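Novice: Give me a model of this one.
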Amino acid sequence: MIVPRPLRLVLVIIASVLGGVVLTVLAALYLLLQPDRFTAMLKEQASNAGLQLTLSSPASPTLFPRPALHLEGITLIAREAGAGGTPAMPILQAANGRLVLPWHTLFGGPMVISRMQINSPRVDLDALQAWLMSLPPQSAAVPGQIPSIATGVRIRNGSVVENNNEWLSDVSLDTGRLAAGQRFGVKLSGKEPDGTPLQLQLAVVPSIANGVLMLDDIAVHAADNSTTVLYLTGHAHWMGGANVAMQLQGRFNEAEGGHYDASASLTPAGENNPLLLHLKLLGKDNHVDLELPPLALAQWWNQLANPAGPQLSAPPGNGQLEMATLDIGNVHIEGLSVQTGNAAPAAATSAPAPAKAIAPQP
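Specialist: Numbering: from 1, shown residues only. Sure thing, here's the model as predicted:
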């Protein structure tokens, strides 16, 4: 079939016009993404919390299959208190990330993120602890509203380090939708240094009222290689900085160690007191009643789980720990009794019988 020359000319003109319209629309949508607008928002949110967010290169926008911003070389740095804002150690470093945006946000709507993805993040517990300690007790860091993430957050191939030693590896995290007054779910998995898999599931209903972040209907489910299971429920609220309170109660079950009543509570920091975590574990042969600085507890537990050999020491803080048996790596301990801090007896009193340590098992 031979198309007449006038008709061919009309088709070429129509195709050219349509092509120009498409290119114009794509260029307009590309400009609507405004990478600087969203990166500025993220940096502002970080700055309000006393943090500095940097990228190795400017954010690059994409339109298909959905509008998104690609972030390269993500670094989140704490600022040292009283040092003129001097950057400190990075709390988080990530290879790259991606922010998926809804179309209505591009056309001037609320700045909403549909989905956030972070690849290969590295979290430094030492830097995190330094930042938390630098926060004033009455810091006004509570956001004005719950940030909205329509379809959640995804993290892959992450790691958590402490004293330059890997505490958790192969970390993956998936969340559901984040919105005020709606149930928010988190699924976290990772591996300990010895390869033991860990799983954590968290559900909570967040909201903000009168400058207070409320976390209601908290449900925590943690499992260690399917042999140890912890289930807690409760609530918490945060008024900024280290002014946070929490009450959780539930059960702790071991496949061969029995069942225990468990509770965990946080006491807000004051002028002369740090944020404290109060842990209780009550069972037939074991009793734990400890008041601990939260991140110091993580460091102490990391020393116990050191694959090169556990470093046995009293946990930081105040309280007592009595365990009929305790297995740490290849070391088996019987009749462990520890009293630390204010719970420790005076020097003039008789000391408790020392724990009996059995030689490492093959």
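
Novice: May I have the phi/psi pair for Arg37?
Specialist: phi -60, psi -40 (degrees, to the nearest 10).

Novice: Which parts of the stretch 151-300 of the chain are strands?
Specialist: 153-162, 165-175, 184-191, 197-209, 212-224, 228-238, 244-254, 258-267, 276-282, 286-292 (DSSP state E, counting those that start in this stretch).

Novice: export the ones you listed to a markdown table and tack on mean neighbour count, mean pLDDT and distance to Ala49?
Specialist: In this view, the C-beta of every residue, glycine as well, is placed from N, C-alpha and C. What follows is those, written out as a markdown table (neighbours: other CB atoms under 10 Å; pLDDT from 0 to 100; distance: least, CB to CB, whole Å):
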| stretch | mean neighbour count | mean pLDDT | distance to Ala49 |
| --- | --- | --- | --- |
| strand 153-162 | 18 | 89 | 17 |
| strand 165-175 | 17 | 89 | 19 |
| strand 184-191 | 17 | 92 | 19 |
| strand 197-209 | 16 | 91 | 15 |
| strand 212-224 | 16 | 91 | 12 |
| strand 228-238 | 18 | 90 | 12 |
| strand 244-254 | 17 | 89 | 14 |
| strand 258-267 | 16 | 86 | 18 |
| strand 276-282 | 17 | 85 | 21 |
| strand 286-292 | 19 | 80 | 24 |
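
Novice: how about these, which one is nearest Leu132?
Specialist: strand 244-254 (10.2 Å; CB to CB).

Novice: Just put the strands of the stretch 151-300 of the chain in TSV and tack on distance to Met41.
Specialist: As requested, the strands of the stretch 151-300 of the chain are exported to TSV (distance: least, CB to CB, whole Å):
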stretch	distance to Met41
strand 153-162	16
strand 165-175	19
strand 184-191	21
strand 197-209	18
strand 212-224	19
strand 228-238	21
strand 244-254	25
strand 258-267	30
strand 276-282	33
strand 286-292	36
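
Novice: Between those strands, which one is closest to Leu128.
Specialist: Nearest of the strands of the stretch 151-300 of the chain (CB to CB): strand 153-162, 9.2 Å.

Novice: Give me the contacts around that closest one.
Specialist: By CB atoms under 8 Å, 6 or more residues apart in numbering, the residues outside strand 153-162 that reach it are 115-126, 166-175, 178, 190, 298-299, 302.

Novice: Does Tyr98 touch Leu69 like I think?
Specialist: Rather than Tyr, residue 98 is Arg. Yes. If you go by CB atoms under 8 Å, Arg98 and Leu69 touch, sitting 7.1 Å apart.

Novice: Give the residue from those two that has the larger number of neighbours.
Specialist: For Arg98 and Leu69, the more surrounded residue by other CB atoms under 10 Å is Leu69, and the numbers stand at 22 against 16.

Novice: is it true that Ala179 touches Ile146?
Specialist: Yes. The pair Ala179 and Ile146 passes the contact test of CB under 8 Å, sitting 6.6 Å apart.

Novice: Figure out which of the strands of the stretch 151-300 of the chain is closest to Ser56.
Specialist: The closest of the strands of the stretch 151-300 of the chain to Ser56 is strand 153-162. By CB to CB, the value is 18.1 Å.

Novice: With just CA atoms, put that closest one into PDB.
Specialist: Provided in PDB are the C-alpha atoms of strand 153-162 (Å, rounded to 0.1, in the frame of the first residue of the first chain):
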ATOM      1  CA  VAL A 153      11.100   0.900  54.300                       C
ATOM      2  CA  ARG A 154      13.500  -1.800  53.000                       C
ATOM      3  CA  ILE A 155      17.100  -2.400  54.100                       C
ATOM      4  CA  ARG A 156      19.300  -5.100  52.700                       C
ATOM      5  CA  ASN A 157      22.900  -6.400  53.500                       C
ATOM      6  CA  GLY A 158      23.300  -4.200  56.600                       C
ATOM      7  CA  SER A 159      25.700  -4.500  59.500                       C
ATOM      8  CA  VAL A 160      26.000  -3.300  63.100                       C
ATOM      9  CA  VAL A 161      29.500  -2.700  64.600                       C
ATOM     10  CA  GLU A 162      30.800  -1.900  68.000                       C
END
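
Novice: Just want the angle from it to strand 165-175.
Specialist: Calculated by axes from the mean of the first three to the mean of the last three CA atoms, to 10 degrees, strand 153-162 forms an angle of 170 degrees with strand 165-175.

Novice: Just give the strands next to strand 153-162 in its sheet, each with its orientation.
Specialist: According to DSSP bridges, strand 153-162 has the following sheet partners: strand 115-119 (parallel), strand 122-124 (parallel), strand 165-175 (antiparallel).

Novice: Redo these as CSV? Include distance to Glu291.
Specialist: Below are the strands paired with strand 153-162 laid out as CSV (distance: least, CB to CB, whole Å):
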stretch, distance to Glu291
strand 115-119, 34
strand 122-124, 25
strand 165-175, 23
